[in-house]
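Q: predicted model follows, preceded by the sequence.
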Amino acid sequence: MNTFTPRLLSALLVASSALALGACNTQESAEETQADVAEAQAEGQQDVAESAAEAAVVAAEGQENIAKSDDAAEVREARADAIEDNADARQNVTEAKAKADYDVAVQKCEALPSAQQSACKDQAEAVYDAAKAQAERTKEQKDAVADRVRQ
């Protein structure tokens with residue numbers, strides 16, 4: 001005889017989902033939060049450092065390409081390419097920094113009472129989204145400069 005009826009199974013699924021969701025907003029201890037924040041900071045610093053190193057390589061390659069150019073048209077094109085490449089690389093650094101800040105902020109939210117965590121995380125996400133949007137606007141401005149250099 002099958003003891004799991006569809007109604008019982010549905011009730012179990014609802015109950016397990018409620019428990020799982022409730023655990024997502026459980027207030028962490030100060031020690032857990034401190035460890036999670038430290039880990040998020042270390043990972044964020046590593047990601048930002050890697051992005052910054054890549055940006056430095058991109059900048060050096062751009063300068064090298066400008067120096068190798070033979071005439072004014074090639075210099076203009078190499079300069080415009082360097083502006084675009086540097087803008088992409090800076091956007092990556094800015095977004096890595098924003099992501100690192102977001103991850104740390106979310107970990108700090110875990111220390112708050114569960115009723116406050118959602119608003120805290122929403123605020124962290126809003127700051128993150130604003131930083132990414134600003135990075136995109138800055139990149140678009142640099143791309144416009146590159147277009148003017150090409151003319």
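A: That came through fine. Numbering: from 1, shown residues only.
Q: in whichever strand or helix holds Ala126, what's buried?
A: Per DSSP states H and E, Ala126 falls inside helix 114-150. Buried residues in helix 114-150, counted by 16 or more other Cβ atoms under 10 Å: 117, 120-121, 124, 128, 131-132, 135, 139, 142, 146, 149. No exception for glycine: its C-beta is placed from N, CA and C like everyone else's.
Q: now that helix, how far from the chain's geometric center?
A: The chain centroid and the centroid of helix 114-150 are separated by 9 Å, computed with Cα atoms, centre = their mean, to the nearest Å.
Q: mean confidence for that helix?
A: Per-region confidence: helix 114-150 scores 97 on mean pLDDT.
Q: please name every helix or strand in contact with that helix.
A: helix 72-109 (3 or more Cβ pairs under 8 Å, 6 or more residues apart in numbering; DSSP states H and E).
Q: chain center to the helix it packs on, what's the gap?
A: Distance, centroid of helix 72-109 to centroid of chain: 11 Å (Cα atoms, centre = their mean).
Q: do stretch 48-59 as well
A: For stretch 48-59, the distance to the chain centre is 16 Å (Cα atoms, centre = their mean).
Q: against Ser118, how distant is Glu95?
A: 24 Å (Cβ to Cβ, to the nearest Å).
Q: on that earlier part again, among the buried residues of helix 114-150, which two are most distant?
A: Gln117 and Val149 (47.8 Å; Cβ to Cβ).
Q: got the angle between the helix or strand harbouring Glu32 and helix 72-109?
A: When elements are assigned from DSSP H and E, Glu32 belongs to helix 30-68. Orientation check (axes from the mean of the first three to the mean of the last three Cα atoms, to 10 degrees): helix 30-68 against helix 72-109 gives 180 degrees.
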